[in-house]
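Novice: With the input below, show me the fold.
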Amino acid sequence: MNRPTALVAALAGPTLAGVGMSFGQTVAPDALAPFFNSAAPVAAIAVVAALAGRRRWQATALAALAGPMTMAGYYGTSAMRGFGVASSWIVFWCTVGVAVGAVLGNAIWVLRAGGSERSTRLSRGLAAAVWPGIAIGEAAHGIVRIGDSTPVGYWWTQCAVGVAILVATCLWRARQRLSVTVAVLGTVMVASGLFLTYGAL
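Specialist: Now for the predicted structure:
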């Protein structure tokens, strides 16, 4: 895939994913329903978008745009399908998407830099913690707070995926002892912060 095509795909892909999430929320089996209405998949979309950027600013910008574009696809499709859409939630999640997407995009750039002079053991550890922390923190919220109204098995699965990605990322790009320690502690901090934030919403 050439560069222009990759960039177009990185911009259009999140929008199409948002469209799919709107439909998935109503047609998916109950066991998978949370997948189409949770933060971890949207964060994963931002990660994929960031992979199209060859430079730090490109990866950061593409990931920052991915969240709002996913929300545009999701809320736009939901509105056209006749579902109520609150403008306050659109603004909120688009804003969150830009901020978190930028962090994810920068994290992906750092991890792809590997052991080069452009990244350090500390920065690789911090980068490795971002997405797993989001996945695990949201899963904890699902298990503790809404386990009686959503399939708890899904949240345990998301938690397991978060742990697996953390391990895989450490083996891939953050294998030094300091990087692994920072990655584990960072994941706990991100997960705890997200869990507390969800509780305050």
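
Novice: which regions of this structure lie under the pLDDT threshold?
Specialist: Residue ranges of the chain with pLDDT under 70: 1-7, 114-119.

Novice: could you pull out the helices for it?
Specialist: 3-27, 39-50, 56-80, 87-113, 121-144, 152-173, 177-200 (DSSP state H).

Novice: Make TSV out of those helices and add mean neighbour count and distance to Ala33.
Specialist: C-beta here means a position set from N, CA and C on the backbone, and glycine is covered the same way. Formatted as TSV, the helices of the chain follow (neighbours: other Cβ atoms under 10 Å; distance: least, Cβ to Cβ, whole Å):
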stretch	mean neighbour count	distance to Ala33
helix 3-27	17	7
helix 39-50	23	12
helix 56-80	22	14
helix 87-113	19	18
helix 121-144	24	11
helix 152-173	18	8
helix 177-200	17	18
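
Novice: Could you break this structure into its assigned domains?
Specialist: Following automatic domain parsing, one finds the domains of the chain at 1-113, 119-201.

Novice: give me phi/psi at the residue lying farthest from the centre of the chain?
Specialist: Distance from the centre of the chain peaks at Gly82, with 27.2 Å (Cα atoms, centre = their mean). When quoted as degrees, to the nearest 10, the phi and psi of Gly82 stand at phi 100, psi 10.

Novice: Can you get me the start-to-end distance on stretch 77-86?
Specialist: 13 Å (Cα to Cα, to the nearest Å).

Novice: What are the phi and psi values at Leu51?
Specialist: According to degrees, to the nearest 10, the main-chain angles of Leu51 amount to phi -60, psi -20.
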